[in-house]
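Visitor: return atomic coordinates for the entry below.
(one chain, ligands or ions: 2)
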Amino acid sequence: MSLISNSIKKAVALLDQDQVIGIPTETVYGLAGNIHSPDAIHRIFSIKQRPLFNPLIIHIKSVDDLNEIARDIPNKALLLAAAFWPGPLTLVLKKQATILDLVTGGKDTVAVRVPNHPLILELLGQLSYPLAAPSANPFGCISPTEAAHVANYFKEVLPMVLDGGVCSRGIESTIIGFENEEPVLYRHGSLATEDIEAIVGPLKIITNNNTAPVAPGMLSRHYAPVTNTVLSTDIIEMLKTISNTKIGVLVFQNEINDTKIKGQEVLSPAGSLEEAASQLYAALHRLDKGNYDLIIVERFPDVGLGKTINDRLQRATKK
Ligand code: TXA
Ligand code: MG
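Guide: Numbers count the residues shown, from 1 in each chain. Ligands and ions are numbered 1, 2, ... in the order given. Next up, the predicted model:
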């Protein structure tokens, strides 16, 4: 597919012309544009079919650029930035007046992170502006962890996807906001809450407000395959109740032997939650393309990145 390319030069030229391109990060691929170009930002929303009130994340090349984006930064935010940037942590902070309302959905706060991927860091180093980038999936669909996923979703409308290979983390960044200078978890992500709490102490958690989500990645149905998908704590028991159905399953560690299963994704035979998280979306993409009548996914242990995986599986299976 010709729109997939590893030319930074081509990426810079397109972005300088207010175009939107697919970019790799360590979490998932993004749909990127110049944060100061209303044309580019409008284009991101229309390509993604995303409601305008749902704000974008700004990607900067280093913490040195943070003051251009945000103001009145809480001390605990600086501690987290020092500990985890570049990396899969997004901070929601008070915005500078120069940040377009279009980028923040009219909010007085802005989401910002330093991504940890050599190609996007090189790209940001060659641009004179930061990049706004939501995940490169149509609103509500499974997020992309390879250039080909982005190309499949958007081949008609994107001029280029910068190919950075398979995303090493494979799940979106963890989002932290602040209330009275104290950290609040808005979205589970690739950085485990335990690691964040080790730096700043206990987190208040508000990730499940469905009526007025603080971060719309929190909408109850999201990251969803097209195929009917259900979550189970005991797949073997569930299989006993189903017949004449072509079933695909997704499990953490141990393969299930049952003739009803026509396709199976084992995310980490070694039992690593990090490995399982990095494989999750790619496995869901494959299962969704497998022509199954039903996909059954296994509930994960509720610790570390298991909490993030369960969060995504719940949203993927919500009716
Ligand atoms: O890993 C990631 O974070 C990826 C890569 C591309 O960086 N990006 C990503 O973007 O996941 P997106 O747009 O799919 O999710 C961003 C989330 C949304 O749920 C949005 O509502 C929330 O961040 N967000 C952005 N600005 C916000 C703000 N000012 N207050 C609260 N939530 C905000
Ligand atoms: Mg997203």
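
Visitor: what residues does this protein put near ligand 1?
Guide: On the criterion CB under 6 Å from any ligand atom, ligand 1 has as its neighbours in the chain the residues 25, 27-28, 30, 54-57, 88, 90, 92, 104, 107, 109-111, 115, 133-135, 172-173, 175, 186, 214-217. From N, CA and C alone the C-beta is placed, and that goes for glycine too.

Visitor: which ones among those map onto helices?
Guide: Secondary structure assignment (DSSP state H) places residue 104 from the residues of the chain next to ligand 1 within helices.

Visitor: and residue 248, what element?
Guide: strand 247-251 (DSSP states H and E).

Visitor: for whichever helix or strand residue 42 is part of, what is the average pLDDT?
Guide: Secondary structure assignment for residue 42, by DSSP H and E: helix 38-48. Taken as a whole, helix 38-48 has an average pLDDT of 97.

Visitor: same deal with stretch 285-305?
Guide: Average pLDDT, stretch 285-305: 97.

Visitor: domains in the chain, as residue ranges please.
Guide: The chain breaks down into these structural domains: 4-205, 229-317 (assignment by automatic domain parsing).

Visitor: quick one: these as a markdown table, columns for distance to residue 222 too.
Guide: A markdown table is the format used below for these (distance: least, CB to CB, whole Å):
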| stretch | distance to residue 222 |
| --- | --- |
| domain 4-205 | 6 |
| domain 229-317 | 4 |
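
Visitor: and those domains, which is most packed in?
Guide: Between those, domain 4-205 has the highest mean count of neighbours, a mean of 19, where neighbours are mean count of other CB atoms under 10 Å.

Visitor: helices or strands up against the longest helix along the chain?
Guide: Counting residues, the longest helix found in the chain (DSSP H) is helix 273-288. Other elements packing on helix 273-288 under the criterion 3 or more CB pairs under 8 Å, 6 or more residues apart in numbering; DSSP states H and E are helix 147-154, strand 247-251, strand 261-266, strand 294-298, helix 305-317.

Visitor: now do it against helix 305-317, angle only.
Guide: Note on geometry: by axes from the mean of the first three to the mean of the last three CA atoms, to 10 degrees, helix 273-288 and helix 305-317 are set 20 degrees apart in direction.

Visitor: what's helix 273-288 in contact with?
Guide: Contacts with helix 273-288, where a contact means CB atoms under 8 Å, 6 or more residues apart in numbering, come from 28, 142-146, 149, 166-171, 190, 223, 225-227, 248, 250, 252, 263, 265, 267-268, 295, 300-301, 303-306, 308-309, 312, 316.

Visitor: could I get the CA-only coordinates of that helix as CSV?
Guide: Presented in CSV, the C-alpha positions along helix 273-288 are these (Å, rounded to 0.1, in the frame of the first residue of the first chain):
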residue,chain,number,x,y,z
LEU,A,273,0.5,-8.6,31.5
GLU,A,274,2.8,-6.2,29.6
GLU,A,275,3.1,-8.6,26.7
ALA,A,276,-0.6,-9.3,26.8
ALA,A,277,-1.4,-5.5,26.7
SER,A,278,1.0,-5.0,23.7
GLN,A,279,-0.8,-7.8,21.8
LEU,A,280,-4.4,-7.0,22.7
TYR,A,281,-5.6,-4.7,19.9
ALA,A,282,-3.8,-6.6,17.1
ALA,A,283,-5.4,-9.8,18.3
LEU,A,284,-8.9,-8.1,18.4
HIS,A,285,-8.3,-6.9,14.8
ARG,A,286,-7.4,-10.4,13.7
LEU,A,287,-10.4,-12.0,15.4
ASP,A,288,-12.7,-9.3,14.0
